[in-house]
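*Asks:* The amino acid sequence is not available; the structure is as follows:
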């Protein structure tokens, strides 16, 4: 009964711990290892214009649906302008407005995105486009071309590929030549193609954006073709007919509408600059969790003040140290003074580093013990004697710090980090054992404490583990489950195999 | 490693984890601990149940009472001072006599003389809690010093040899004699270097001894053979141990007894967490005997019946018996 209860409890804790962990890891993208960085691109569009006499209204298309990318944040810098985001036919539009402005105006819009393959084209299925109104003789050219291409294709995708092949033919047929006459930009080119596709009742639209790579002071927009095949949107390179988006292509806006409109201003110019940064993956996951409004971010340790975070990154390792204690005591069977004394010593080792920690600890205990033996002759009562030992420990720590500072060894200063009360109790306990059981027992238990402390130090000093526990504090539930299971371990301890060796059946 | 563990499992050796989790935690409810942790209380309970215990001369419970010491021992030349909540024999002072000229000089079992001041300091420490498990304030008992039966004289170096019986749910399952050595400073504690010798529950005869984890045939100080000593009044000892269960209610109990020259077997103390070295001393594991008791358990059996069952069921292993002849 008891056994089953323990297993159920451990299983419950494990399931809770692991599922929260899995959610944060897989869904929110919290990184498993420390210092994992994700490239983040910041695209800044700067709009400059001379203000007219009246009110000014600026509208700019901004990214809405961005396959392959997720938005980290966006902001605008504009002095005195009212800012709003609206949805238009081409996606989101940023709008700035002001009643009066003087001289040259500059408005910045900035967006940061990072790659996320899980972001898909999630646009709705569009209706069939209306037949475009085209004047003769272009109408005939379009009709002939459409029927010709239809004869050479089976479905929307092959129709588009065939059409793109024809319009990009170096020696085009006269109809294509006629349609492309006067086209002088890639946007116009894609515009013509969408018109032709519309005549064939195929939903298509122009997509504009940037291939993101490194740092670009003035990036230019590329035009891409987007065609709906009845199920999903397909992306075509309008000049090669290749059916895919370029690597790291950030879609800025869709449709034939202009990027920017400025009412009440002149000499409008817009420029894009792209900057690649590397941000801590944790920060990105945090932002994402916040956008999703999940509980994970409210209870994340990263939301605490930095100083508190530093404290907790240490405190969260104490359960790991306790787990090591359990293993050393109940599975290995090492004698040590005080239940958690070795863990606290291991905490101090974190600051002093191992070698110095062991040297300082041994020195402190050895000196404390010898003074304790001197005190023994004075026959003090228990509590005053303990206090005396404590005071001696503090004085010794001070002494060691001063001497090592004189000798130019700054590590000696960190002796102050040792938990002095614990050390005083250890010295007292050790001296009693020494008297009662002899030096061998006392030294063995002392050495045992040191061994456990070193083991705990090594476990608690593993950076990946520290990161893991700090980023996923639910891991502590797993540690708890392990400790609970260990609490019902009734097998032999490692040292007992030796102790009872004489009894084993041969 | 696993092979070694399996061998131990086969021979029924009980490990610390198993003892703690399966026996002590299950059979020894925490609320009963004070009955055995406080020796004054244990003594009262044992007396009430009609068991023989060393006479209590006095109890010193507060620092202010320490000076009552001289008055308590005025009529006694030998006595024992022990902490009420001590463990592992720590803090026990055995006074065997007084100085011929100065009556406030006391001879310890080691033969050394100490002044009354030193003894008072020891009592202060005891009352202050130096020897109690948790370091809490404690009481000091001053009681009759056992004049031990000569049966063990040859195999003890000073101190008082005692008999430890493990009682499982009222049934004695294993016993050993603990013989003080020079190394153990007269204390009958195996951790401190005393020799432990298993006891044939059937006959009350000692088996070979162990020192630390090694088997020994002779006492390291006296050189006398440890094996083959017949413990007197063995029936009575087993029955008294079995009665310890009725007094304390502890299902996994260690009963410590001494044999006094004049007064016979006396209960010294009882222990809710008896150690496992008794297995080494007996060359045998506890687990098999415990499961045998589980099979034969009879809630209505009295102490005498339970002791008789133990005699019948747990004679020494065959090889030990043949080696006697």
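*Replies:* Looks like it came in fine. Bear in mind the structure is a predicted one, so any value in this text is a computation, not a measurement. Residues are numbered from 1 along each chain as shown, chains lettered A, B, ... in the order given.
*Asks:* Name the helix or strand for residue 290, please.
*Replies:* Answering for chain A, as no chain was given. In this assignment (DSSP states H and E), residue A:290 forms part of helix A:281-292.
*Asks:* Let me rephrase: I mean chain B.
*Replies:* Applying DSSP H and E, one finds residue B:290 within helix B:286-296.
*Asks:* Strands of the chain, start to end?
*Replies:* Going with chain A. For chain A, the strands defined by DSSP state E cover A:37-51, A:56-61, A:69-77, A:82-88, A:91-98, A:104-115, A:204-211, A:216-219, A:222-228, A:233-236, A:249-254, A:260-263, A:265-280.
*Asks:* let's do chain B instead
*Replies:* Per DSSP E, chain B carries strands over the ranges B:56-60, B:79-83, B:93-98, B:105-108, B:113-115, B:140-144, B:162-168, B:171-179, B:195-199, B:206-211, B:214-216, B:252-260, B:264-271.
*Asks:* Might one say that residue B:14 is in contact with residue B:287?
*Replies:* Yes. Judged on C-beta atoms under 8 Å, residue B:14 makes contact with residue B:287 at a distance of 5.2 Å. In short, each C-beta sits where N, CA and C put it, glycine included.
*Asks:* what do these two both touch?
*Replies:* By C-beta atoms under 8 Å, 6 or more residues apart in numbering or on different chains, residue B:14 and residue B:287 have no common neighbours.
*Asks:* These two: which is more packed in?
*Replies:* More neighbours surround residue B:14 than the other of residue B:14 and residue B:287, with 25 against 21 (other C-beta atoms under 10 Å in any protein chain shown).
*Asks:* how much space between residue A:408 and chain B?
*Replies:* With distances taken as C-beta to the nearest C-beta, to the nearest Å, residue A:408 is found 41 Å from chain B.
*Asks:* near chain A, anything from stretch B:204-223?
*Replies:* Yes. Shown here: stretch B:204-223 in contact with chain A (C-beta under 8 Å from any C-beta of the partner chain) through B:210, B:213, B:214, B:215.
*Asks:* So what's the residue count around the second one?
*Replies:* This points to residue B:213. That count, for residue B:213 with other C-beta under 10 Å as the rule, works out to 14.
*Asks:* tally of neighbours for the closest residue in space to it that isn't next to it in sequence?
*Replies:* Computed as C-beta to C-beta, 6 or more residues apart in numbering or on different chains, the closest residue to residue B:213 that is not its neighbour in sequence is residue A:499, at 5.8 Å. A count of neighbours around residue A:499, defined by other C-beta under 10 Å, yields 22.
*Asks:* Local confidence estimate at residue A:499?
*Replies:* pLDDT, residue A:499: 83.
*Asks:* Relative to residue B:191, how far out is it?
*Replies:* Look at residue A:499 and residue B:191: by C-beta to C-beta, to the nearest Å, they are 12 Å apart.
*Asks:* Identify the farthest-apart pair in the residues of stretch B:204-223 next to chain A.
*Replies:* Between any two of the residues of stretch B:204-223 next to chain A, the greatest separation by C-beta to C-beta is 8.8 Å, found for B:213 and B:215.
*Asks:* which neighbours do these two share?
*Replies:* With C-beta under 8 Å, 6+ apart, residue B:213 and residue B:215 have common neighbours residue A:502.
*Asks:* how about the nearest residue to the residue of chain A found nearest chain B, chain neighbours excluded?
*Replies:* Using C-beta to the nearest C-beta, residue A:382 is the residue of chain A that sits closest to chain B, at 3.3 Å. With sequence-adjacent residues excluded and distances taken as C-beta to C-beta, 6+ apart, residue A:382 is closest to residue B:128, at 3.3 Å.
*Asks:* same check, this time on residue B:154
*Replies:* Ranked by C-beta to C-beta, 6+ apart and with sequence neighbours excluded, the top spatial neighbour of residue B:154 is residue B:224, at 3.9 Å.
*Asks:* Please name the residues that touch residue 137.
*Replies:* Let's take chain A. Counting by C-beta under 8 Å, 6+ apart, residue A:137 has contacts residue A:178.
*Asks:* Not quite, go with chain B.
*Replies:* For residue B:137, the contact set (C-beta under 8 Å, 6+ apart) comprises B:127, B:128, B:129.
*Asks:* so what's the backbone phi/psi at it?
*Replies:* phi -50, psi 150 (degrees, to the nearest 10).
*Asks:* Roughly how far does it sit from residue B:131?
*Replies:* 11 Å.
*Asks:* Show me whatever sits in contact with both of these two.
*Replies:* Residues touching both residue B:137 and residue B:131 (C-beta under 8 Å, 6+ apart): there are none.
*Asks:* Can I get the strands of chain A in a markdown table including mean pLDDT?
*Replies:* Converted to a markdown table, the strands of chain A look like this (pLDDT from 0 to 100):
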| stretch | mean pLDDT |
| --- | --- |
| strand A:37-51 | 86 |
| strand A:56-61 | 89 |
| strand A:69-77 | 84 |
| strand A:82-88 | 86 |
| strand A:91-98 | 88 |
| strand A:104-115 | 87 |
| strand A:204-211 | 86 |
| strand A:216-219 | 79 |
| strand A:222-228 | 86 |
| strand A:233-236 | 85 |
| strand A:249-254 | 86 |
| strand A:260-263 | 87 |
| strand A:265-280 | 84 |
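*Asks:* Distance to chain B and mean neighbour count added to the ones you listed, as a markdown table?
*Replies:* Below are the strands of chain A laid out as a markdown table (distance: least, C-beta to the nearest C-beta, whole Å; neighbours: other C-beta atoms under 10 Å in any protein chain shown):
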| stretch | distance to chain B | mean neighbour count |
| --- | --- | --- |
| strand A:37-51 | 44 | 18 |
| strand A:56-61 | 70 | 21 |
| strand A:69-77 | 51 | 17 |
| strand A:82-88 | 64 | 12 |
| strand A:91-98 | 64 | 19 |
| strand A:104-115 | 49 | 18 |
| strand A:204-211 | 60 | 21 |
| strand A:216-219 | 63 | 14 |
| strand A:222-228 | 65 | 22 |
| strand A:233-236 | 61 | 20 |
| strand A:249-254 | 59 | 22 |
| strand A:260-263 | 75 | 17 |
| strand A:265-280 | 44 | 14 |
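*Asks:* Adding distance to residue B:121, write the ones you listed out as TSV.
*Replies:* Shown next, in TSV, are these (distance: least, C-beta to C-beta, whole Å):
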stretch	distance to residue B:121
strand A:37-51	67
strand A:56-61	90
strand A:69-77	73
strand A:82-88	84
strand A:91-98	86
strand A:104-115	73
strand A:204-211	87
strand A:216-219	86
strand A:222-228	93
strand A:233-236	92
strand A:249-254	84
strand A:260-263	95
strand A:265-280	63
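*Asks:* returning to that earlier point: and the residues of stretch B:204-223 next to chain A, which are buried?
*Replies:* By neighbour count, with 16 or more other C-beta atoms under 10 Å in any protein chain shown, these hold residue B:210 as buried.
*Asks:* Based on its surroundings, how many neighbours for residue A:415?
*Replies:* Residue A:415 has 25 nearby residues by other C-beta under 10 Å.
*Asks:* Mark out where each domain of the chain begins and ends.
*Replies:* You didn't say which chain, so I picked chain A. A:138-258, A:318-460 (automatic domain parsing).
*Asks:* switch to chain B, that's the one I care about
*Replies:* Following automatic domain parsing, one finds the domains of chain B at B:2-37+B:149-324, B:55-144.
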